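1. build the 3D model from these lines:
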Amino acid sequence: MNKTIKNLGYARAVLVIGVIMLALVPTPAMAHDNLGGDELAVASWMLVFAMVTVVIGALWGIWALMNGQFSGIESSKYTMLDTADDYEGIMAEFDAEQQAADDADNLAQEDSVTQVLGSDSLVAAAKPAARL
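-> Below you'll find the predicted structure:
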């Protein structure tokens, strides 16, 4: 309950800061203003957006620090390794599937060569005898 009230306080503070920044935003130059006013307005907008970016980054860093995002940096690596699948088993299964596919390709190539050449006596004589 207390944490919810604390978060509401932060939300209100951010809302107030946002309203104040919107109130202080420079207006663009109108057509009847002197030359050069519009460039200043654009530069002011860029400055405002740069300041907003810096403030958001600082608030994010403070939030991360307060929530313990930077404590125990190494623990995420060990958690990932503990919850990961069995890498060696997955790779062994992949290697077995790859070997079976290669064996099937080799067998298919041998069968196609035998079908194309037929039972030619020269081909039969050139084939080495199968070793048992």
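
2. what comes up buried for the helix or strand encompassing residue 101?
-> Counting by DSSP states H and E, the element that carries residue 101 is helix 87-117. By 16 or more other C-beta atoms under 10 Å, helix 87-117 has no buried positions at all. C-betas here are computed from N, CA, C, even on glycine.

3. run through the neighbouring helices and strands of that helix.
-> Packed against helix 87-117, as judged by 3 or more C-beta pairs under 8 Å, 6 or more residues apart in numbering; DSSP states H and E, are no other helices or strands.

4. try it again at 10 Å.
-> helix 121-126 (3 or more C-beta pairs under 10 Å, 6 or more residues apart in numbering; DSSP states H and E).

5. state the mean pLDDT of stretch 110-121.
-> Average pLDDT, stretch 110-121: 64.

6. cool, and stretch 18-26?
-> Computed over stretch 18-26, the average pLDDT equals 79.

7. CA-only coordinates of it in CSV, if you can.
-> Taking C-alpha atoms only, stretch 18-26 is exported to CSV below (Å, rounded to 0.1, in the frame of the first residue of the first chain):
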residue,chain,number,x,y,z
GLY,A,18,5.4,18.0,-17.7
VAL,A,19,2.8,20.7,-17.4
ILE,A,20,5.3,23.3,-16.3
MET,A,21,7.5,22.4,-19.3
LEU,A,22,4.6,22.7,-21.7
ALA,A,23,3.8,26.1,-20.2
LEU,A,24,7.3,27.3,-20.8
VAL,A,25,7.6,26.0,-24.3
PRO,A,26,8.4,28.8,-26.8
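
8. how many neighbours does residue 44 have?
-> Neighbours of residue 44 under the rule other C-beta atoms under 10 Å: 15.

9. which strand or helix spans it?
-> Here residue 44 is assigned to helix 37-66, by DSSP H and E.

10. gap between residue 77 and residue 86?
-> Shown here: residue 77 relative to residue 86, a distance of 18 Å by C-beta to C-beta, to the nearest Å.

11. nice, that's everything, thank you.
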